[in-house]
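Visitor: pasting the structure only:
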């Protein structure tokens, strides 16, 4: 089975974490939330505490098909500042495996120099010309091994893009029907 890991840091945007997890689990995909804080309980940007499935130090990640980064501030910068996660991202990138990020979190890949020439989207104002990405304002963008999402309002579309990448459009169609999307 394909394994997806979604990483949580203090200050993450809860919709951008929970919506993709919900969509993936409804699609029957194996997605695990991972705290980088050293505590399973992680506080979001809006003060909502979420319990992660595992701690980063407990993860092996060699079975990872995809790594997912929710946005939010300071969550995105906290993820970027965690050196072991950057090392994991670089290993994953070099192996040609998919990487996903939404809202402010594409800054992680951008600052690492991974988005040069890649079509991407992010929260308005979070983009940086130094990334070399081709920024769009679409809800979700898939380009090569990257999936990016625009912001909290695009969290379901971002989740559907992840499911499409892993399981295909027919599974997305089934999940959307079950979630009554669009309403």
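Guide: Received the coordinates, thanks. Remember, predicted model here, so these are calculated numbers, not experimental data.
Visitor: if I pick residue 98, what's in contact with it?
Guide: By CB atoms under 8 Å, 6 or more residues apart in numbering, the residues touching residue 98 are 65-67, 145-147, 165-166. Quick note: C-beta positions are derived from backbone N, CA and C, even for glycine.
Visitor: quick one: the strands in this protein?
Guide: For the chain, strands defined by DSSP state E occupy the ranges 3-8, 30-35, 41-43, 49-51, 54-55, 64-69, 99-102, 119-121, 134-136, 140-143, 146-149.
Visitor: helices or strands up against the fourth one?
Guide: Right, strand 49-51. Applying 3 or more CB pairs under 8 Å, 6 or more residues apart in numbering; DSSP states H and E, one finds that strand 49-51 contacts helix 14-26, strand 41-43.
Visitor: Nearest to residue 35 among the ones you listed would be which one?
Guide: Residue 35 sits nearest to strand 41-43 of all those, at 5.0 Å, using CB to CB.
Visitor: Now do the closest one: distance to the chain's middle.
Guide: Centroid displacement of strand 41-43 relative to its chain, using CA atoms, centre = their mean, to the nearest Å, is 17 Å.
Visitor: returning to what we had before: using JSON lines, please lay out the contacts of residue 98 together with neighbour count.
Guide: Listed next are those as JSON lines, based on neighbours: other CB atoms under 10 Å:
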{"residue": "65", "neighbour count": "17"}
{"residue": "66", "neighbour count": "22"}
{"residue": "67", "neighbour count": "23"}
{"residue": "145", "neighbour count": "17"}
{"residue": "146", "neighbour count": "21"}
{"residue": "147", "neighbour count": "27"}
{"residue": "165", "neighbour count": "19"}
{"residue": "166", "neighbour count": "21"}
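Visitor: how much space between the nearest residue to residue 179 once chain neighbours are set aside and residue 58?
Guide: Nearest non-adjacent residue to residue 179, counting by CB to CB, 6 or more residues apart in numbering: residue 26, 6.7 Å away. Counting by CB to CB, to the nearest Å, the gap from residue 26 to residue 58 is 25 Å.
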